[in-house]
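Visitor: Pasting a predicted model and its sequence here:
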Amino acid sequence: MSMNASTPRVFIAATRQNEGKTTTSLGLASALQAHFRRIGYIKPVGQRFVNVDAQKIDEDTILMDRVYQLKCPLVDMSPIAIDPDFTRKYLESSNYDILVGKIQQAFDRVAWEKEFVLVEGSGHAGVGAVFDLSNARVAKLLDAKVIIVSQGGIGRPIDEVCVNQALFEKEGVEVIGVILNKVLPDKLDYIADFARRGLERKGLDLLGVLPLLDILSHPTMELIHEELRTETLNESDQMANLVEEVVVGAMSVPQALCCFKKGVLVIAPGDREDIVMAAATTLFGQGTEGLAGMLLTGGQRPSPSVMRVVEAMPFPVLLSKAETYRVASKVHDLTIKTRPTDTRKIEIIRDLIAKHVDVRKIIKAVKSPAPLALTE
């Protein structure tokens, strides 16, 4: 039985982790719906997953399914989940043909009665090579052309795109173009101009340049609470507050007061009650301009009298068992993932892609036959 070869498809890859594949896929799905009524989605190899009905399903797949109601079994949209033991087991038993069969059958089911399929990769072209299913290989197995997403700038993204392009071409896969993400808004035109020239020399199209937006790059208090598994010390309706800056409360109170402003997350040991009280005083007459939140560390709960103040604070106050430095670095390293409940964010992403990405060019490139050099 051969795999579906007729449904148009495109493979979204990136030059590294967290470069914006999911953002691009989310926005593209919406933009493609203007041209195709029924769209399919598949993330053949997933690395961050949740358990759904005893199946490991990739987080991005759940996001796409919730947002677009794709009417397709989750297990087909996320056929292979790379758990911590996966690579070791594969190197012992190398069941390559089974995995290939799984991916191709899942693709067939996802593409069934669809007019276009969006395939999301997992990182750069070489990710997955250790179990013989690099992104480049998967794109080849699915007979898909590729869009590479990279991060803003001129030099670095083009250097990295070239490395990826070489791997895709080695597998006989055509890269149709590049989307640059997270570009400083005031440099948008300048970078677009030079990146376009640089990519053209490599035979690649610049398909879009997406500006860096705070709301897409800053974590919410909710995300910090979930990822760091903190305890909440008060009932706050401001869990959606964006954290734009982190202040570690290791300084004196007068110094700390200068740093307390809108969008700031204060991280301090739970026994620094002076800092907690100082944060409370900044609220007077400030309306909604208070801190993003507070994160107390070392598992130390403030004394009952200070806890009464904490309970009355409008912004979230969280408690972590870890010590301050660990907590601060964890917050710093957070991967900002879009969640199905982030409706505002999802709207912004849709608008972003619709406005900044040439979707018609993508559709045209996907539907045109591959150049001869690649089909020999």
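Guide: That came through, no problem.

Visitor: Could you list the low-pLDDT ranges of the stretch 251-376 of the chain?
Guide: 282-289, 370-376 (pLDDT under 70).

Visitor: any idea where the strands of it begin and end?
Guide: Using DSSP state E, counting those that start in this stretch, the strands of the stretch 251-376 of the chain run over residues 264-269, 293-297, 317-319.

Visitor: Identify the spatial nearest neighbour of T7, chain neighbours not counted.
Guide: The shortest distance from T7 to any non-neighbouring residue, by Cβ to Cβ, 6 or more residues apart in numbering, is to A111 (4.3 Å). Quick note: C-beta positions are derived from backbone N, CA and C, even for glycine.

Visitor: How about the contacts made by the one you found?
Guide: Shown in contact with A111 (Cβ atoms under 8 Å, 6 or more residues apart in numbering): 4, 7, 9, 40, 117.

Visitor: Hmm, N164 is touching A13, no?
Guide: Yes - at 6.6 Å, N164 and A13 qualify as touching, with contact defined as Cβ atoms under 8 Å.

Visitor: And R201, how far from Q151?
Guide: 20 Å (Cβ to Cβ, to the nearest Å).

Visitor: Equivalent analysis for L295, please.
Guide: 28 Å.

Visitor: again, but for V175
Guide: In terms of Cβ to Cβ, V175 sits 17 Å off from Q151.

Visitor: Comparing these two, which shows the higher neighbour count?
Guide: V175 (26 against 19; other Cβ atoms under 10 Å).

Visitor: Bridged to that one, which residues?
Guide: Beta-bridge pairing of V175 under DSSP bridges involves V146.

Visitor: so how far is N164 from it?
Guide: Distance, V175 to N164, by Cβ to Cβ: 8 Å.

Visitor: ok, G123 - contacts?
Guide: Counted by Cβ under 8 Å, 6+ apart, G123 has contacts 13-14, 16-17, 47, 135.

Visitor: Which of those scores worst on pLDDT?
Guide: Ranked by pLDDT, the contacts of G123 bottom out at Q17, which scores 78.

Visitor: Count the neighbours of that residue for me.
Guide: Q17 has 12 neighbouring residues, counting by other Cβ under 10 Å.

Visitor: which SS class is it?
Guide: Following DSSP: H, G, I helix; E, B strand; the rest coil, Q17 is assigned to coil.

Visitor: Leaving out the residues flanking it, which one is nearest to it?
Guide: Distances taken as Cβ to Cβ, 6+ apart place G123 nearest to Q17, at 5.1 Å, with adjacent residues excluded.

Visitor: okay, now E222: neighbour count?
Guide: E222: 17 surrounding residues under other Cβ under 10 Å.

Visitor: what does the strand or helix carrying it contact?
Guide: Here E222, judged by DSSP states H and E, is contained in helix 221-227. The contact list for helix 221-227, computed with Cβ under 8 Å, 6+ apart, reads 219, 230, 232, 236, 238-241, 243, 265, 292-293, 295, 315-316, 318, 330-331, 334, 336-337, 339.

Visitor: go with 6 Å
Guide: With contact meaning Cβ atoms under 6 Å, 6 or more residues apart in numbering, helix 221-227 is reached by 239, 241, 293, 316, 318, 334.

Visitor: How far does that helix sit from its chain's centre?
Guide: Put simply, helix 221-227 sits 15 Å off its chain's centre (Cα atoms, centre = their mean, to the nearest Å).

Visitor: again, but for stretch 191-203
Guide: Distance, centroid of stretch 191-203 to centroid of chain: 25 Å (Cα atoms, centre = their mean).

Visitor: before we move on, what about stretch 245-265?
Guide: With Cα atoms, centre = their mean, you get 29 Å for stretch 245-265.

Visitor: Going by neighbour count, list what's buried in that stretch.
Guide: Using 16 or more other Cβ atoms under 10 Å as the test for burial, stretch 245-265 gives 246-249, 256, 260-261, 264-265.

Visitor: quick one: contacts of the strand or helix carrying A31?
Guide: Applying DSSP H and E as the criterion places A31 in helix 21-32. Contact with helix 21-32 is made by 12, 14, 39, 60, 68, 116, 118, 120, 149, 179, 349-350, 352-354, 359, as judged by Cβ under 6 Å, 6+ apart.

Visitor: go on, stretch 5-16?
Guide: For stretch 5-16, the external contacting residues (Cβ under 6 Å, 6+ apart) are 21, 24-25, 111, 114, 116-117, 119-121, 124-125, 135, 139, 144-150, 160, 164, 366-367.

Visitor: What subset of those is buried?
Guide: For the contacts of stretch 5-16, buried by 16+ other Cβ under 10 Å: 21, 24-25, 111, 114, 116-117, 119-121, 124-125, 135, 139, 144-150, 160, 164, 366.

Visitor: Looking at the residues you listed, which are in strands?
Guide: Within those, residues falling in strands by DSSP state E are 116-117, 119-120, 145-150.

Visitor: what's the average pLDDT for stretch 220-232?
Guide: The pLDDT scores in stretch 220-232 average 91.

Visitor: next one: it to chain centre, how far?
Guide: Put simply, stretch 220-232 sits 18 Å off its chain's centre (Cα atoms, centre = their mean).

Visitor: On the three-state scheme, the nearest residue to H332 once chain neighbours are set aside is what?
Guide: With Cβ to Cβ, 6+ apart as the criterion, H332 has its nearest non-adjacent residue at 7.0 Å, and that residue is V246. Following three-state DSSP, V246 is assigned to strand.

Visitor: Is V246 bridged to anything, and to what?
Guide: For V246, the beta-bridge partners are L265 (DSSP bridges).

Visitor: nearest spatial neighbour of G177, skipping sequence neighbours?
Guide: Leaving out its chain neighbours, the residue that sits closest to G177 by Cβ to Cβ, 6+ apart is D205, at 3.6 Å.

Visitor: next one: phi and psi at the one you found?
Guide: phi -90, psi 140 (degrees, to the nearest 10).
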